[in-house]
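Undergrad: The sequence and its predicted three-dimensional model are supplied below.
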Amino acid sequence: MLTDTDTPINMCVEIQTKCENVITTIIKKYENDEYMLRRIEKHITKYLPNILEMEFNNYEKRVNRNTFLLNEQQIFIQIFLNKNRYFFLNTNELFYEYDGTSYFIIKEDQIIHKLLSSITKEKVLMQWKYKTKANVIKQIKERSLFDSIPETNTIQHVLNVLYPSLFSCKNSVKYFLTIIGDNILKKNTNLIFLINQQMRKLLNELDYISQNAIGINGITFNFMTKYHENHSYDNCRLIKINENFSNEVWRELLKKIGLDLLCVAAHYSKRYENSDKFIENKSDEELNAYVCYLKNSNASNILDEFCNKYIIMAVSECKMEWKNIHFVWKHFLSNSNLPNVIYSNTLKNLFKEKYQYHEESDSFCGITSKHVPIYSDFIKFWETTVTTSNSETDAIFDNEIEIDEFCSLFKHWVKQNTEESLCLSNGNISEENILKILKHFFPSVEIVEDKFVLNVTCSLWNKIADINTSFNYIKENIGNENGNGHENGNDNKLALISFDDIYNHYYIFCNKNSLRFVVSKRYFEKYLYYKLSDHIVYDKFIETDWFTSS
């Protein structure tokens with residue numbers, strides 16, 4: 001083989017010298033043997049040229065054949081890999097196929113079967129069948145899944161699944177996907193993305209899909225539900241989703257589009273460079289301002305914004321307790337879709353720098369808030385009308401009041417007390433705000449599903465007394481209906497009365513007697529199970545003997 005310093009002329013001279021030396025040595029050896037000298041002459045002059053000519057021709061044929069097959073192999077591989085978009089990941093050593101709509105995992109054996117079948121069908125590469133197979137598999141393993149470029153319909157399908165169900169705008173979806181892509185490709189690992197608890201649940205499902213589909217763990221490692229003081233505001237970004245999105249629905253969606261979502265995410269990360277570049281160059285002003293709120297702020301600026309929106313300067317004699325300020329602060333965070341980015345002690349110290357603090361009362365002088373009246377009124381309502389259930393009956397029957405019922409009770413209480421100038425608010429309060437008040441000021445109260453407050457009673461409404469009072473009316477009306485039917489010759493006398501029928505009669509009783517409040521069907525049935533357990537059959541029916549009992 002020629003080296004870099006060799007030339008054909010030098011090589012020719014060298015070979016000629018070697019050949020002459022060999023011939024000279026052979027002739028020298030047989031110089032006294034005429035027969036052998038004649039044989040040497042004949043081999044060199046007659047046989048050797050023919051042998052070399054044959055070898056040269058065969059060599060040319062092999063080179064031409066190999067060149068042809070190599071060219072055919074390259075064409076075949078190019079066409080095969082273009083028609084069949086196969087990819088590979090070293091993280092889990094799995095193969096993938098993209099059909100132009102969806103990505104899915106495929107076994108190597110399936111690829112090989114299709115590959116060998118295609119070679120057999122083409123026939124040209126039959127001699128190089130397994131050599132071509134090895135070459136194709138090698139090239140597929142060099143094609144990373146994250147180098148693939150999803151088609152528009154794949155991208156749009158992923159976007160349409162996430163918008164508007166999960167995110168309020170498409171740019172928010174693209175930003176979220178770019179973050180996930182950055183994490184897959186190990187970019188911007190210093191950033192912290194602050195989210196709510198609901199989104200954390202959804203991301204846990206995405207982590208699970210990632211681990212199983214692409215063999216990468218913790219692709220949402222930098223999404224956090226709480227801010228820590230060791231986090232620099234400069235590295236913090238905000239993300240919000242529609243909180244009413246179902247975790248079960250999300251889980252089912254990820255089973256269908258999980259791998260597509262991850263591939264689109266990696267594509268966006270490469271396309272936009274990284275999530276910060278996306279926000280900088282592609283997002284609208286509103287999204288940019290929200291995402292980079294902490295990056296563009298500091299604790300002092302955030303406090304100023306809070307005070308401008310929620311704190312009102314008042315006469316010096318006016319005081320606002322710290323617990324109320326802290327509650328209004330939480331209200332500000334909730335309304336602004338912000339995490340708690342200033343710890344309570346730090347916030348209090350900042351307030352002390354801004355306003356006069358009264359140590360004994362733990363309050364700040366000369367300030368108030370337009371949001372305080374509704375909260376202070378509700379707290380007063382709670383403390384004067386609501387008690388923990390402690391009667392003998394309630395010790396057995398778990399009394400409860402629903403949050404929406406508290407809205408009505410509070411409004412009624414405010415109306416009563418406004419006439420005596422005891423209330424400052426109009427009584428209009430949302431369920432969300434009641435939950436915030438209870439969780440902040442009355443943390444020991446037991447709340448289930450953010451809807452039912454357990455083991456409490458309200459002096460404005462004795463739910464159990466109302467139901468017990470309605471029983472006489474219900475017995476009389478259902479009894480009359482059964483009796484009348486029998487007297488008229490109608491044999492359709494009821495043997496059982498359903499809970500639904502009894503509740504309907506209770507509802508009519510409330511309307512006829514102009515009762516201000518009506519218990520929910522859930523509560524009504526719960527009480528029936530407690531009160532009429534001896535008369536209940538088939539889960540939700542009352543035997544007619546109850547209607548004749550005293």
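TA: Done, it's in. Numbering: from 1, shown residues only.
Undergrad: Surely Ile27 is in contact with Arg39?
TA: No: between Ile27 and Arg39 there is no contact under C-beta atoms under 8 Å: 11.3 Å. In this view, the C-beta of every residue, glycine as well, is placed from N, C-alpha and C.
Undergrad: For Thr225, see how far away Asn204 is.
TA: Asn204 sits 11 Å away from Thr225, going by C-beta to C-beta, to the nearest Å.
Undergrad: Likewise for Tyr290?
TA: Tyr290 is 17 Å from Thr225, by C-beta to C-beta.
Undergrad: cool, and Ser514?
TA: Taken as C-beta to C-beta, the span from Ser514 to Thr225 is 48 Å.
Undergrad: Which one of these two is surrounded by more residues?
TA: When Ser514 and Thr225 are compared on other C-beta atoms under 10 Å, the one with more neighbours turns out to be Thr225, at 14 against 6.
Undergrad: Leaving out sequence neighbours, find the closest residue to that one.
TA: Arg200 (5.1 Å; C-beta to C-beta, 6 or more residues apart in numbering).
Undergrad: do the same with Tyr98
TA: Using C-beta to C-beta, 6+ apart, the closest residue to Tyr98 is Arg85 (4.3 Å).
Undergrad: Now do that neighbour, the pLDDT please.
TA: What the model reports for Arg85 is a pLDDT of 96.
Undergrad: Correct me if wrong: it contacts Glu97.
TA: Yes: contact criterion C-beta under 8 Å: Arg85 and Glu97 qualify, at 6.5 Å.
Undergrad: Summarise which helices and strands the helix or strand the residue nearest to Thr225 falls within is packed against.
TA: Following DSSP states H and E, one finds Arg200 within helix 197-214. Under the contact definition 3 or more C-beta pairs under 8 Å, 6 or more residues apart in numbering; DSSP states H and E, helix 197-214 sits against helix 170-184, strand 223-224, helix 247-272.
Undergrad: Now the last one: buried residues?
TA: Translated: helix 247-272. 250-251, 253-254, 257-270, 272 (16 or more other C-beta atoms under 10 Å).
Undergrad: Domain ranges for this protein, per the record?
TA: 23-148, 152-291, 299-370, 373-458, 463-548 (automatic domain parsing).
Undergrad: Now do the longest one, average pLDDT.
TA: Just to be clear, that refers to domain 152-291. The average pLDDT for domain 152-291 rounds to 94.
Undergrad: how long is it end to end?
TA: Start-to-end span of domain 152-291 (C-alpha to C-alpha, to the nearest Å) is 27 Å.
Undergrad: repeat for stretch 346-364
TA: 15 Å.
Undergrad: contact partners of that stretch?
TA: With C-beta atoms under 8 Å, 6 or more residues apart in numbering as the test, stretch 346-364 has contacts from 229, 299-300, 303, 307, 319-323, 325-326, 329, 342, 365-367.
Undergrad: what comes up buried for it?
TA: Buried-residue list, stretch 346-364, by 16+ other C-beta under 10 Å: 347-348, 350-351, 355, 357, 363-364.
Undergrad: For those residues, work out which two are farthest apart.
TA: Pairwise distances among the buried residues of stretch 346-364 were taken by C-beta to C-beta; the largest, 15.8 Å, belongs to Leu350 and Ser363.
Undergrad: Let me see the residues that make contact with stretch 280-295.
TA: Contacts of stretch 280-295 (C-beta under 8 Å, 6+ apart): 169, 171-172, 174-175, 194, 233-240, 272, 279, 296, 337-338, 341.
Undergrad: mind listing what's buried in stretch 27-44?
TA: Result for stretch 27-44 [16+ other C-beta under 10 Å]: buried residues Ile40.
Undergrad: Run me through the strand neighbours of the helix or strand containing Phe95, direction for each.
TA: If you go by DSSP H and E, Phe95 is part of strand 94-98. In the sheet, strand 94-98 lines up against strand 85-89 (antiparallel), strand 103-106 (antiparallel) (DSSP bridges).
Undergrad: highest average neighbour count across those?
TA: strand 85-89 (a mean of 20; mean count of other C-beta atoms under 10 Å).
Undergrad: Now do that strand: distance to the chain's middle.
TA: Chain-centre distance of strand 85-89: 26 Å, with C-alpha atoms, centre = their mean, to the nearest Å.
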